[in-house]
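Participant: how would this look folded up:
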Amino acid sequence: MKEIISILSLMLLMTQNINAQSAKATELAQKISQQMTDSLKITEQEKNGIYAVNIKLHNEKMVWRLRFAETDSLAKYFQIVENTRDSLYKSVLPQAKYAEYIKRKNQFVRN
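Facilitator: Prediction:
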């Protein structure tokens, strides 16, 4: 019986942690898409695409986090995911706006 309670408690904690991370990911995706809207004057459709890309990147990172949570490999896999950001943005943004994004990308992703 104690084992079952321990397992259920652990599952509850893990669920709360995942929910908190998802809320942070949503907040960050909104922040990045809004910054790009303000700076690059992207359309609502492009903004929604940027938001979707950022949520996709977060979800991919979560898969790696679950798989390699306590290893040194996690940072390597996070970087692999991050390396896809530009190509995903390129599929959402028109060429001129994408070129401007490339010039200023640290402003969007780092802030």
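Participant: What are the boundaries of the helices in the protein?
Facilitator: 2-40, 44-67, 73-82, 85-92, 95-110 (DSSP state H).
Participant: could I get the ones you listed as TSV with mean neighbour count and mean pLDDT?
Facilitator: Heads up, the C-betas are built off the backbone N, CA and C, glycines and all. TSV is the format used below for those (neighbours: other Cβ atoms under 10 Å; pLDDT from 0 to 100):
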stretch	mean neighbour count	mean pLDDT
helix 2-40	13	71
helix 44-67	16	92
helix 73-82	13	88
helix 85-92	15	95
helix 95-110	13	85
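Participant: Ile32 touches Asn54, doesn't it?
Facilitator: Yes. Between Ile32 and Asn54 there is a contact under Cβ atoms under 8 Å: 5.6 Å.
Participant: Quick check: Met62 vs Ser87, distance?
Facilitator: Using Cβ to Cβ, to the nearest Å, one obtains 20 Å as the distance from Met62 to Ser87.
Participant: An error on my part: the question was meant for Thr26.
Facilitator: In terms of Cβ to Cβ, Thr26 sits 23 Å off from Ser87.
Participant: do the same with Trp64
Facilitator: Distance from Trp64 to Ser87, by Cβ to Cβ: 18 Å.
Participant: repeat for Gln107
Facilitator: Per Cβ to Cβ, Gln107 is found 19 Å from Ser87.
Participant: Same check on Glu100?
Facilitator: Distance from Glu100 to Ser87, counting by Cβ to Cβ: 16 Å.
Participant: how about the residue nearest to the spatial centre of the chain, what does it touch?
Facilitator: Of all residues in the chain, the one closest to the mean position by Cα atoms, centre = their mean is His58, 3.0 Å from it. The contact partners of His58, taken as Cβ atoms under 8 Å, 6 or more residues apart in numbering, are 21-22, 25, 28-29.
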